[in-house]
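Undergrad: Turn this into a model:
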Amino acid sequence: MNIKQTTVKKLVVTGIHDLDPVNVFVEEYTSTSGKITIECFGNAWSYFWGSIGERSIMEFFCNCDNHYLSEKFAPQLRSEIDDHDKLPEYARNYIIEMRKEGTFDKKKARALFNQTEYLTMDDSSMMFEIFGDEWWYCCPKIPNYQYLYLSKILDVAKEAVKTLIVDKERQGV
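TA: Next up is the predicted model:
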């Protein structure tokens, strides 16, 4: 068993409107690799970058956009989610468009239109009949509040890490 002690910089950010304290842990393994861990209200996100070019892990992290960072910290988290409440209205508008294009005849369009009032994603046969083979992609979307929450935390974390960079530059390190 080998044990190695490393230095981790911990930043604690408080006083943020609508957000609990954010803890940011920065661990530089080498000049071109490192790990960032972010914690807020019992949730934690962490990612290791093995090769980031000529920048430090702090500079690299601060220059990344939130979409890229979200993919690394929470790959299962999507920026948009299905808006099930809007599905019936969306389906009706789609049926009208398909009727105008001639995809549905008048009788079929009327029958489908009348069945959309309580349409849900669980009604796969009806969804297939309206939207076709890949009907699961047809649900209207809304921004995912969890993604927006993580993006806000990432913004705070990047601002905090920028202070480390400035301090490091002042010290001439």
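Undergrad: tell me which residues in the biggest helix by length in the chain are buried?
TA: Determined from DSSP state H, the single longest helix within the chain is helix 145-171. For helix 145-171, the neighbour count (16 or more other Cβ atoms under 10 Å) marks 147, 149-154, 156-158, 160-161, 164 as buried. In short, each C-beta sits where N, CA and C put it, glycine included.
Undergrad: try stretch 64-84
TA: Under the neighbour-count criterion of 16+ other Cβ under 10 Å, stretch 64-84 has 64, 66, 69-70, 73, 77, 79, 82 buried.
Undergrad: That stretch: end-to-end distance?
TA: End-to-end distance of stretch 64-84 (Cα to Cα, to the nearest Å): 32 Å.
Undergrad: Touching it from outside, list them.
TA: By Cβ atoms under 8 Å, 6 or more residues apart in numbering, the residues outside stretch 64-84 that reach it are 38, 45-47, 61, 120-121, 139-144, 146-147, 150-151, 154-155.
Undergrad: Any figure for the gap between Ser33 and Asp122?
TA: 46 Å (Cβ to Cβ, to the nearest Å).
Undergrad: Then Thr163?
TA: The gap separating Thr163 from Asp122 is 49 Å, by Cβ to Cβ.
Undergrad: What of Cys139?
TA: In this view, Cys139 and Asp122 are 12 Å apart by Cβ to Cβ.
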